[in-house]
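In: sharing a sequence plus its predicted fold:
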Amino acid sequence: MSKIGNTSTPLGYRLPDFSNDFSALWVPIYLEPITFSGERITIGLAFRTIDGTIKVVNTLPLDALNKVFGSKGSDLHSIADMVLVSFRNHLISTNKFENFTPNIKGVYIGKPVETFDKNLDSIIYQIRKNCSVFSALYVNGEEIVVKNRTESQAKIWANKIREETLSRRKSLSNNFNREFKFRKGAKGANIGYVGNNVAFNFGALDPDSSTFSLQSNRIIRQATELNSLNKLGMADFKYLEVSVWAPKKATLSNDSKSKLYSVSQELEQLGDDINIRIALGQDFRRVTERILTDSSF
């Protein structure tokens, strides 16, 4: 939890350095939609990292499949999922890519390749983008989805808090999404909620997202925006917080938990330095109660 201190304390924040000596062995998984035709598509990729993490991803975008294969696109997608689940179970039980016996004909496993990057997300990203036409379509389309994923999740989180608050006090509608301009001619900053003595911004942080560092940067920006409200004399709030949605720990791998913990500690330290509480979780009621209590004064 952040401490309340001197708002003029200089910002001294540095993102953790994820070195590029991380590696993973991976194989492509092929399927012949028409058995024995020799025409294969990459339906998935299986990864085994140096720390033992195993991940299998589907590289087939359902929308693209439906455009190419029509009504059979959904069937092909389901078949791919079935094969990938089976291969993942094989990989977990044997820790080997070889000797997999598929439950349908026309499935082929490629040769293992070792790839280096800063983390598994980055490795998956680069392989999917260059693995096949469908993979490239998936990633190029997903770039937009992933780019908006954090913002979208942040909006979902913000809307949840807004809806819960307004269901109990409709008069607070105009307090959400307030624009402030910190410099003349600069683009205004959107503050999630502005009350009498409290102000909030809303973010999201997902360690399994390929834009994890960008998510962190966005939270940093939101924190500094809140700090600027008091620092520039635009307000005198007693409590400032960036409320950050984060996935439940039970849904994360050990690697993802460690990654989230490391960055969350850095973010909380940032909050301590500039008087902003940066709180991760999914307890929207805590936030709404704080807003409602403040509005009663």
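Out: Nice, thanks for sending it over.
In: what element comes up after the helix or strand containing residue 44 heading to the C-terminus?
Out: Here residue 44, judged by DSSP states H and E, is contained in strand 41-49. Counting by DSSP H and E, the element after strand 41-49 in chain order, helix or strand, is strand 54-58.
In: list the buried residues in that next one.
Out: 55-58 (16 or more other Cβ atoms under 10 Å). Placement of C-beta: from N, CA and C, glycine included.
In: excluding its backbone neighbours, what's nearest the residue of the chain most remote from its centre?
Out: Computed with Cα atoms, centre = their mean, the residue of the chain farthest from its C-alpha average is residue 36, at 39.8 Å. Residue nearest to residue 36 in three dimensions, not counting chain neighbours: residue 106, with 7.4 Å by Cβ to Cβ, 6 or more residues apart in numbering.
In: do residue 69 as well
Out: residue 76 (5.8 Å).
In: the one you found should be in a helix, yeah?
Out: Yes - counting by DSSP: H, G, I helix; E, B strand; the rest coil, residue 76 is located in a helix.
In: which ones are touching it?
Out: 31, 33, 60, 65, 69 (Cβ atoms under 8 Å, 6 or more residues apart in numbering).
In: that one and residue 106, how far apart?
Out: From residue 76 over to residue 106 the distance is 11 Å, taken as Cβ to Cβ, to the nearest Å.
In: try residue 124
Out: 25 Å.
In: looking at those two, which is more packed in?
Out: Counted by other Cβ atoms under 10 Å, residue 124 and residue 106 do not tie: residue 124 has more neighbours, with 21 against 17.
In: am I right that that one is in a strand?
Out: No - counting by three-state DSSP, residue 124 is not found in a strand; it is helix.
In: pretty sure it is touching residue 45, no?
Out: Yes - here residue 124 reaches residue 45: they are 7.1 Å apart, a contact under Cβ atoms under 8 Å.
In: between these two, which contacts overlap?
Out: The contact lists of residue 124 and residue 45 share residue 57, where a contact means Cβ under 8 Å, 6+ apart.
In: what lines up beside the host helix or strand of residue 108 in the sheet?
Out: For residue 108, the host element (DSSP H and E) is strand 107-109. Strand 107-109 sits in its sheet next to strand 22-31 (antiparallel), going by DSSP bridges.
In: distance from the partner strand to the middle of the chain?
Out: Here strand 22-31 is found 22 Å from its chain centre; the criterion is Cα atoms, centre = their mean, to the nearest Å.
In: could you give the angle of it to strand 54-58?
Out: Orientation check (axes from the mean of the first three to the mean of the last three Cα atoms, to 10 degrees): strand 22-31 against strand 54-58 gives 40 degrees.
In: sorry, back to before: would you turn the contacts of residue 76 into JSON lines with distance to residue 260?
Out: Below are the contacts of residue 76 laid out as JSON lines (distance: Cβ to Cβ, whole Å):
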{"residue": "31", "distance to residue 260": "34"}
{"residue": "33", "distance to residue 260": "39"}
{"residue": "60", "distance to residue 260": "29"}
{"residue": "65", "distance to residue 260": "33"}
{"residue": "69", "distance to residue 260": "38"}
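In: any idea which of the residues you listed is closest to residue 254?
Out: Lowest distance from residue 254 to those (Cβ to Cβ) belongs to residue 60, with 28.2 Å.
In: quick one, phi/psi of that closest one?
Out: Here is the backbone geometry of residue 60 (degrees, to the nearest 10): phi -100, psi 120.
In: ok, now residue 248?
Out: Taking degrees, to the nearest 10 as the convention, residue 248 sits at phi -70, psi 140.
In: near it, how many other residues are there?
Out: Neighbours around residue 248, by other Cβ under 10 Å: 8.
In: just give the nearest non-adjacent residue to it, would you?
Out: That would be residue 282: by Cβ to Cβ, 6+ apart, it lies 6.8 Å from residue 248.
In: distance of the one you found from residue 176?
Out: 19 Å.
In: spit out the contact partners of residue 295.
Out: 169, 171-172, 175, 195-196.
In: right, I mislabeled it, should have said residue 46
Out: With Cβ under 8 Å, 6+ apart, residue 46 has these contacts: 26-27, 29, 54-56, 84, 87-88, 91, 97.
In: ok, the residues you listed vs residue 165, which is closest?
Out: Relative to residue 165, and with distances defined as Cβ to Cβ, the nearest of these is residue 55, at 38.3 Å.
In: wait, that closest one sits on residue 121?
Out: No - with contact defined as Cβ under 8 Å, residue 55 does not reach residue 121; the gap is 9.7 Å.
In: all strands for this structure, in order.
Out: Using DSSP state E, the strands found in the chain span residues 22-31, 41-49, 54-58, 107-109, 113-117, 176-180, 189-194, 198-204, 239-245, 277-281.
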